[in-house]
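>>> What follows is a predicted protein model with its sequence.
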Amino acid sequence: MRESKKSAILDAAVEVIETDGVTAITFDSIAAATGITRGGILYHFQSRDELIASIHHHLARRWERQLEAACDKPVDQTTATERLVAYIRTAAVSATRSELQMILDSQHTEHQRTWDDVMERWTGRRQPGAMAAGRTATIALLAADGLWVNEVLGTQSLSRDERLRTAEDIITLVQGDSLGTEVSTKGEGHPG
């Protein structure tokens with residue numbers, strides 16, 4: 001029962017971020033959103049910092065589950081090309097305000113590692129020299145990232161079907177370049 005309350009608190013915190021931003025995360029705002037008392041929230045999270053760290057982990061885990069679902073298997077059972085294709089397909093789903101704000105909030109903090117770990121497992125792009133190798137994979141990753149944040153930036157409005165078709169076009173580029181050669185996202189030759 002406790003884990004479900006903890007998940008409910010984290011889900012409510014994500015909704016508060018969606019509506020009012022990261023700065024609106026307080027024990028009172030979460031209590032109002034969940035109907036759980038402030039004391040009940042404090043039982044699970046002794047400080048706002050602990051709550052924020054848990055939100056980062058919660059969203060990063062959700063993102064990794066989406067990537068695994070796109071592959072239909074865990075990351076350790078995938079090829080580099082399968083990971084890249086899963087990343088591109090997952091990017092076809094628009095970013096949410098909470099995801100973007102938490103990723104931006106994590107930069108240059110102890111929370112960045114949470115997001116970097118997922119990124120490293122699926123793209124290898126955090127490794128030194130990543131941008132120098134695997135140009136097609138690098139371009140595909142940058143295009144996928146642009147597709148993901150497009151809705152939030154308001155650059156060009158795309159329907160769900162247009163986003164999905166664009167993701168498949170990016171995948172076609174990758175697969176056309178990697179025919180007979182595995183796209184590497186680990187070690188030398190991994191994308192950035």
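Right, received. Where do you want to start? The shown structure was predicted, so the numbers you read here are calculated from the model rather than taken from an experiment.

>>> who touches the longest helix anywhere in the chain?
Counting by DSSP state H, the longest helix found in the chain is helix 48-71. Residues outside helix 48-71 that contact it (CB atoms under 8 Å, 6 or more residues apart in numbering): 6-7, 9-11, 13-14, 17, 22, 25-27, 30, 41, 45, 74-75, 78, 82-83, 85-87, 89-90, 93, 98-99, 102, 105-106, 110-111, 114-115, 117-118, 121-122. Heads up, the C-betas are built off the backbone N, CA and C, glycines and all.

>>> okay, and for the protein, where does confidence drop off?
Scanning the chain for pLDDT under 70 picks out 1-3, 125-133, 177-192.

>>> got the domain boundaries for it?
1-46, 58-192 (automatic domain parsing).

>>> Make JSON lines from these and add mean neighbour count and distance to residue 52 to it.
Below are these laid out as JSON lines (neighbours: other CB atoms under 10 Å; distance: least, CB to CB, whole Å):
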{"stretch": "domain 1-46", "mean neighbour count": "16", "distance to residue 52": "7"}
{"stretch": "domain 58-192", "mean neighbour count": "17", "distance to residue 52": "7"}
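
>>> separation between residue 109 and residue 10?
Per CB to CB, to the nearest Å, residue 109 is found 18 Å from residue 10.

>>> Likewise for residue 24?
Residue 24 sits 15 Å away from residue 10, going by CB to CB.

>>> and what of residue 123?
Distance from residue 123 to residue 10, counting by CB to CB: 25 Å.

>>> What of residue 68?
In terms of CB to CB, residue 68 sits 19 Å off from residue 10.

>>> now swap in residue 101 and tell me
15 Å.

>>> In space, what's closest to residue 111 - neighbours in sequence excluded?
residue 56 (4.5 Å; CB to CB, 6 or more residues apart in numbering).

>>> cool, residue 166 as well?
Per CB to CB, 6+ apart, closest to residue 166 is residue 147, 5.7 Å.

>>> helix or strand for the residue lying closest to residue 20 once chain neighbours are set aside, which one?
Nearest non-adjacent residue to residue 20, counting by CB to CB, 6+ apart: residue 29, 7.4 Å away. Using DSSP states H and E, residue 29 falls within helix 27-34.
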